[in-house]
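*Asks:* here is my input; please provide its structure:
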Amino acid sequence: MANTRRTTKKGAATQTNEAMFAGSMPVASDLTPFQILAPDGKPVREDLIPDLDLVEDMYRGMSRLRHLDDKFMSLFKSQRLGNYAQFGGQEASQFGSAMALNRQTDYIAPMYRNTAAMITHGWSIQNAIMYWRGHPEGWRLPDTANILPVIISIPGQVLHAAGAALGLKAQGTGGVVMTYVGEGGTSQGDVHAAINFASARKDPCVFIIENNGWAISVPRQVQSGVDYLVRRSVGYDIPGYLVDGNDILAVNTVSKKAVQDARDGKGPSLIEHMTYRIRPHTTGDDPKAYRDENAEPEFWRKERDPIARVKKFLTLEKRWNDDREVAMVAEIETEFQAALEAADQVASPRPEALLEYVWQNDVWQIKEQREILKRRVAQMEGA
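*Replies:* Residues are numbered from 1 along each chain as shown. Reported below is the predicted structural model:
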């Protein structure tokens, strides 16, 4: 395969050019998810393959995140991490979209399964470890990362995104907000309110539906009467894109267009990533109770893995080999161990931290609970 089409210097990402794929972007009326790389690693859209240095960066980024997801599960099993929401299998969806943002001006409004997107946007691995340990040092996101608080009560993050986008527009910063919601979360009325609000005001927001097939134990087909949730974009009069969420090149291409449109004042977009949750809902979940782990999930693990797809492509292009793989894994493991060691050295939180950061101004209930906790801690220490 000739490489003459990809001569961009390393680090220079290919810019989204609307004319490049005019008429080929996946609008809500299409029934086929937009794709650039097929699952076997062969290009479907040769003209949209970016510089190979960028593709390598994508492969390394996804591999790093998968390694992290594996390590977090191991930490949970050894009781060194709290209950954790895995994202393994959805690396292309989160990494490919978040890398379309500008870390200095743009924001992410995350839910609990967006650890991959948050790290892509500047969250440190040490912070992530401490967050999932329930340590107060991990609760507050650093000022250096434009990330809103993690939302557990789905889909509050979508409302936050719409509000933040309104604020950025008023400030005139040119910033964009990106938020994620699962297909199950779209059944909540807050999603409609948020998208309708942003659409009416043409606020700079990108709404991404990570359709991973399962809302805990509820399958996708029970959630809605439509085949693709992105069809709802028509009712909001905003662009809607249906994307193969396990094809990072397709995800990144569409994300860059949606982000640029928002930045240019064209308003929000709705993107549906067709992906799959190959792992449990959380480390506290047993998916064998509601699905056959040897059927559908195994197919997605073996035939639709987003990382394997890019690796196959790079191998076909003679840009990857076993030696580079070994070196990459060693580098990723070294980074992780350094972050884990730093997190382990942070002192354990005081019991009183449980009641801190609850309200900006204390209400009487918090004051009363703090006194009760203080007495019980004193009793324990005196025992």
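*Asks:* C-alpha only now, for contacts and for neighbours.
*Replies:* Fine.
*Asks:* what about Leu355, neighbour count?
*Replies:* Look at Leu355: counted by other C-alpha atoms under 10 Å, it has 14 neighbours.
*Asks:* ok, it touching Arg370?
*Replies:* Yes. Contact criterion C-alpha atoms under 8 Å: Leu355 and Arg370 qualify, at 6.8 Å.
*Asks:* for Ala92, give me its contacts.
*Replies:* 62, 245-248, 251, 306-307 (C-alpha atoms under 8 Å, 6 or more residues apart in numbering).
*Asks:* return the member of the residues you listed nearest to Leu101.
*Replies:* Nearest to Leu101 out of the contacts of Ala92 is Val251 (C-alpha to C-alpha; 12.6 Å).
*Asks:* chain neighbours aside, what residue packs nearest to that closest one?
*Replies:* Using C-alpha to C-alpha, 6 or more residues apart in numbering and skipping residues adjacent in sequence, the residue nearest Val251 is Gly96, 5.5 Å away.
*Asks:* surely that neighbour meets Leu249?
*Replies:* Yes. The pair Gly96 / Leu249 is scored as a contact, 7.2 Å apart, by C-alpha under 8 Å.
*Asks:* neighbour count winner among those two?
*Replies:* Per other C-alpha under 10 Å, whichever of Gly96 and Leu249 has more neighbours is Gly96, with 28 against 25.
*Asks:* hmm, back to that, and the contacts of Ala92 as a markdown table, adding pLDDT?
*Replies:* Formatted as a markdown table, these follow (pLDDT from 0 to 100):
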| residue | pLDDT |
| --- | --- |
| Met62 | 98 |
| Gly245 | 98 |
| Asn246 | 98 |
| Asp247 | 98 |
| Ile248 | 98 |
| Val251 | 98 |
| Pro306 | 98 |
| Ile307 | 98 |
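*Asks:* may I see these organised as CSV, with secondary structure and distance to Leu52 added?
*Replies:* Converted to CSV, those look like this (DSSP: H, G, I helix; E, B strand; the rest coil; distance: C-alpha to C-alpha, whole Å):
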residue, secondary structure, distance to Leu52
Met62, helix, 15
Gly245, coil, 20
Asn246, coil, 18
Asp247, coil, 15
Ile248, helix, 13
Val251, helix, 16
Pro306, helix, 17
Ile307, helix, 15
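*Asks:* adding neighbour count and distance to Lys318, write those residues out as JSON lines.
*Replies:* Shown next, in JSON lines, are the contacts of Ala92 (neighbours: other C-alpha atoms under 10 Å; distance: C-alpha to C-alpha, whole Å):
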{"residue": "Met62", "neighbour count": "27", "distance to Lys318": "19"}
{"residue": "Gly245", "neighbour count": "32", "distance to Lys318": "25"}
{"residue": "Asn246", "neighbour count": "31", "distance to Lys318": "22"}
{"residue": "Asp247", "neighbour count": "30", "distance to Lys318": "20"}
{"residue": "Ile248", "neighbour count": "30", "distance to Lys318": "19"}
{"residue": "Val251", "neighbour count": "29", "distance to Lys318": "23"}
{"residue": "Pro306", "neighbour count": "28", "distance to Lys318": "19"}
{"residue": "Ile307", "neighbour count": "23", "distance to Lys318": "17"}
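*Asks:* number of residues surrounding Ala339?
*Replies:* If we define neighbours as other C-alpha under 10 Å, then Ala339 has 17 of them.
*Asks:* same check on Trp359?
*Replies:* The number of residues packed near Trp359 is 9, by other C-alpha under 10 Å.
*Asks:* can you tell me how far it is from Lys367?
*Replies:* Going from Trp359 to Lys367 by C-alpha to C-alpha, to the nearest Å gives 11 Å.
*Asks:* ok, Asn83 next?
*Replies:* Distance, Asn83 to Lys367, by C-alpha to C-alpha: 29 Å.
*Asks:* more neighbours, the two?
*Replies:* Between Asn83 and Lys367, counting by other C-alpha under 10 Å, Asn83 is the more crowded of the two (17 against 12).
*Asks:* who are the neighbours in contact with the more buried one?
*Replies:* Residues counted as contacts of Asn83 (C-alpha under 8 Å, 6+ apart) are 76, 132, 282-284.
*Asks:* tell me the SS of it?
*Replies:* When classified by DSSP: H, G, I helix; E, B strand; the rest coil, Asn83 comes out as coil.
*Asks:* can you check Glu272 too?
*Replies:* strand.
*Asks:* burial measure for it, as a count.
*Replies:* When neighbours are counted by other C-alpha under 10 Å, Glu272 registers 28.
*Asks:* check Arg324 too.
*Replies:* Arg324 has 11 neighbours, counted by other C-alpha under 10 Å.
*Asks:* am I right that it is in a strand?
*Replies:* No. Applying three-state DSSP, one finds Arg324 to be helix, outside a strand.
*Asks:* pLDDT wise, what is Ala28 at?
*Replies:* pLDDT, Ala28: 49.
*Asks:* repeat that for Leu340.
*Replies:* Predicted confidence (pLDDT) at Leu340: the value is 98.
*Asks:* and the gap between Phe34 and Gly245?
*Replies:* Noted for Phe34: a distance of 9 Å to Gly245, by C-alpha to C-alpha.
*Asks:* try Arg319
*Replies:* Looking at Arg319 against Gly245, where the rule is C-alpha to C-alpha, the gap reads 24 Å.
*Asks:* go on, Gly122?
*Replies:* Distance, Gly122 to Gly245, by C-alpha to C-alpha: 22 Å.
*Asks:* same question for Ala338.
*Replies:* The gap separating Ala338 from Gly245 is 31 Å, by C-alpha to C-alpha.
*Asks:* what's near enough to touch the spatially closest residue to Gly267 that is not a sequence neighbour?
*Replies:* In this structure, Gly267 finds its nearest non-sequential neighbour in Lys202, 3.7 Å apart by C-alpha to C-alpha, 6+ apart. If you count contacts by C-alpha under 8 Å, 6+ apart, Lys202 has them with 265-268.
*Asks:* how about the helices in the stretch 251-383 of the chain?
*Replies:* Under the criterion DSSP state H, counting those that start in this stretch, the stretch 251-383 of the chain contains helices at 296-303, 306-316, 322-344, 364-382.
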